[in-house]
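Undergrad: My questions are about this predicted structure, shown below with the sequence.
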Amino acid sequence: MWNTRLFQHIYVFYLFVFLLDVIYLFWSNASLYTTIGLLAIVMIVINFKEADRVFKILGIILLSAGGFFYFSSDISIVKIPSFFAGNIGLLFLLSMLPWMNSVVKAGRYNKLLQTLLGGNVKKMGDLYVRGEATMVSLAAFLNLSSATISQDLLKNQLKKSKTNVRNRFIAMSTLRGYSLALLWSPLEILLATSIFITNANYLEVLPWMLLIALLGFALDSIIGKITFRNEVVEEIGTPTKLGASSKKKLMEFIMALVLFLMVVVFLTNVIQFNFLFAVTIALFPFAYIWALLLKRKRSFFQIGWPNWKRQTNHLHNFIVLLLTLSFFTETLNASPYLRYLQDPLVALEGHQVYIMLFIQATFLIMTLLGVHPIATMGIFGGVSELLLSAFPSVTLTILLASSAIATVPSAPYGLIVTLTSVGLKMNPYKIVLKNISYSLMCGFIGVLIAYCTLFLY
């Protein structure tokens, strides 16, 4: 169906819906919100067939549960369409992400990976630290492409190593480094969703997320060095050195990242936009100005325009998941059955550490069962009022975001694990087994940091 001329231009329809949602942010009109909800239902219908099987199942479960909660409530039927509109802003953010990725490619910053990973390293333990550090540095902007590029480079660099050692090394270093970058990146959808739920200030959350990433990196680097201490990297060709031009490009990249964070903070703290909207509207102008400064305007559009259309046209999975999740969350909040979800949390009232561990365990178990962390995030969003009565918004954001992102390397049906599984010709559950201990460790660090913030907010 998506090969037809009509559906090759479906991005026009999606953009129209996104723009309506932006108008609603400035003009809170009930009829407009209902219209957005009706269009969201249309989006689900036309994308359901194209979604992956796991997301179809999740969508059916969320719609069925939402329908059950609706009939258990006294909500008017005219309100149903508006229940599907809540997560349109998240889809808009996902749609805009390719523009940042495009300016990074246009500026050839992705080639930094090759330089940073290609130095004169003799021991695999040292390469592990370098590989993970590179991922943490660059994945914030490069996102998924950083993982695929680095995995290809490492496969070549370690092609003389034993296959099982090489695969274990790549599955650990790249996926863990990738997740550490997501902890603080304003472009990460799980962090954006947690802030969307709690309405926390990103500037207050950022230092704590950076601390979690730093601690996670330090501990995992030690683990990596010990795990691969007896493995040697055999040289393939001439080692690449980090020259003056590469150092300059790396500094440019870091400066751009800092400036983007400053723009987001300005929009949220001074202009008073919500975090999700601030990141979304900042993406294209920032990427465009960056491309102009690099004198890469033509390359930027040559790469960005087809990438944006492709990404927006193929939001099937997220459209089905996020819009049905919105319906589920809204009906749950209006249902008397909400108290059954609240009961475990109420039973733990006064025992904040237990609630934190319960949230972390829920994310990990649901992820291992194939449920996307965003769906689990939505369930906790349904009881956000109760959680916010137990925790400050900053604490809850840290807890939700770190617990969700910690599961990324251990999600058997997650996109990054699936891509790694295909690239390494490796069973995804073997990748999960190699990273489950890291997910537990990173989750516990998040719980510890979140608990510490209880005494400050």
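TA: Great, that's in hand. Worth saying up front: this structure is predicted, and the values here are computed from it rather than measured.

Undergrad: Run through the residues that contact Tyr451.
TA: Residues counted as contacts of Tyr451 (Cβ atoms under 8 Å, 6 or more residues apart in numbering) are 352-353, 356, 395. Using the backbone N, CA and C atoms, a C-beta is placed for each residue, glycine as well.

Undergrad: same check, this time on Tyr109
TA: With contact taken as Cβ under 8 Å, 6+ apart, Tyr109 is in contact with 138, 141-142, 249, 252-253.

Undergrad: per-residue confidence for it?
TA: At Tyr109, the model reports a pLDDT of 75.

Undergrad: Looks to me like it is in a helix.
TA: No - remark: Tyr109 does not belong to a helix; assigned using DSSP: H, G, I helix; E, B strand; the rest coil, it is coil.

Undergrad: buried set for the host helix or strand of Gly443?
TA: If you go by DSSP states H and E, Gly443 is part of helix 428-453. Neighbour-count burial for helix 428-453, counted by 16 or more other Cβ atoms under 10 Å, picks out 428, 430-432, 434-435, 438-447, 449-451, 453.

Undergrad: so which of the contacts of Tyr109 comes closest to Ile303?
TA: Relative to Ile303, the closest of the contacts of Tyr109 is Leu142; by Cβ to Cβ it sits at 13.0 Å.

Undergrad: that older thread, out of the contacts of Tyr109, who's the most crowded?
TA: For the contacts of Tyr109, the largest neighbour count, defined by other Cβ atoms under 10 Å, is 28 neighbours, found at Leu138.

Undergrad: Quickly note the distance from that one to Ala181.
TA: From Leu138 over to Ala181 the distance is 8 Å, taken as Cβ to Cβ, to the nearest Å.

Undergrad: what do the two both touch?
TA: Ser146.

Undergrad: Okay, now the unreliable bits of this structure?
TA: By pLDDT under 70, the low-scoring segments of the chain are 1-6, 110, 113-114, 117-121, 142, 144-145, 234-244.

Undergrad: just the buried members of the contacts of Tyr451?
TA: By neighbour count, with 16+ other Cβ under 10 Å, these hold 352, 356, 395 as buried.

Undergrad: Go through stretch 291-304 and flag the buried ones.
TA: By neighbour count, with 16+ other Cβ under 10 Å as the criterion, the buried positions of stretch 291-304 are 291, 294, 296, 299-301, 303-304.

Undergrad: and that stretch, how far apart are its ends?
TA: Criterion Cα to Cα, to the nearest Å; first-to-last residue distance in stretch 291-304 is 11 Å.

Undergrad: Residues in contact with that stretch: which ones?
TA: With Cβ under 8 Å, 6+ apart as the test, stretch 291-304 has contacts from 98-99, 102-103, 105-107, 287-288.

Undergrad: Which ones among those lie within helices?
TA: 98-99, 102-103, 105-106, 287-288 (DSSP state H).

Undergrad: could you dump those to CSV with neighbour count and distance to Leu32?
TA: Listed next are the ones in helices among the contacts of stretch 291-304 as CSV, based on neighbours: other Cβ atoms under 10 Å; distance: Cβ to Cβ, whole Å:
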residue, neighbour count, distance to Leu32
Pro98, 24, 28
Trp99, 24, 26
Ser102, 25, 32
Val103, 29, 33
Lys105, 20, 37
Ala106, 22, 37
Ala287, 24, 29
Tyr288, 17, 29
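
Undergrad: buried set for stretch 29-38?
TA: Across stretch 29-38, burial judged by 16+ other Cβ under 10 Å covers 32-38.

Undergrad: Please disregard the earlier target; I meant stretch 263-274.
TA: Using 16+ other Cβ under 10 Å as the test for burial, stretch 263-274 gives 263-265, 267-268, 273-274.

Undergrad: Just these: which are in helices?
TA: Among the buried residues of stretch 263-274, DSSP H puts 263-265, 267-268 in helices.

Undergrad: Now name the helix or strand holding the closest residue to Gly125 other than its chain neighbours.
TA: Excluding the flanking residues, the one nearest Gly125 by Cβ to Cβ, 6 or more residues apart in numbering is Lys225, at 3.8 Å. Secondary structure from DSSP H and E places Lys225 in helix 202-227.

Undergrad: What residues of that helix count as buried?
TA: 202, 204-206, 208-209, 211-213, 215-217, 220-221, 223-225, 227.

Undergrad: What of stretch 165-181?
TA: Counting neighbours by 16+ other Cβ under 10 Å, the buried set in stretch 165-181 is 166-181.

Undergrad: Can I get that stretch in PDB? Just the C-alpha atoms.
TA: Below are the C-alpha coordinates for stretch 165-181, written out as PDB (Å, rounded to 0.1, in the frame of the first residue of the first chain):
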ATOM      1  CA  VAL A 165      34.400 -12.500  21.400                       C
ATOM      2  CA  ARG A 166      33.900  -9.900  18.600                       C
ATOM      3  CA  ASN A 167      30.100 -10.100  18.800                       C
ATOM      4  CA  ARG A 168      30.100  -9.900  22.600                       C
ATOM      5  CA  PHE A 169      32.400  -6.900  22.500                       C
ATOM      6  CA  ILE A 170      30.300  -5.100  19.900                       C
ATOM      7  CA  ALA A 171      26.900  -6.000  21.500                       C
ATOM      8  CA  MET A 172      28.100  -4.700  24.900                       C
ATOM      9  CA  SER A 173      30.200  -1.500  24.000                       C
ATOM     10  CA  THR A 174      27.900   0.000  21.300                       C
ATOM     11  CA  LEU A 175      24.500  -0.700  22.900                       C
ATOM     12  CA  ARG A 176      25.600   0.400  26.400                       C
ATOM     13  CA  GLY A 177      27.300   3.500  25.100                       C
ATOM     14  CA  TYR A 178      24.200   4.300  23.000                       C
ATOM     15  CA  SER A 179      21.900   4.100  26.100                       C
ATOM     16  CA  LEU A 180      24.300   6.300  28.200                       C
ATOM     17  CA  ALA A 181      23.900   9.000  25.500                       C
END
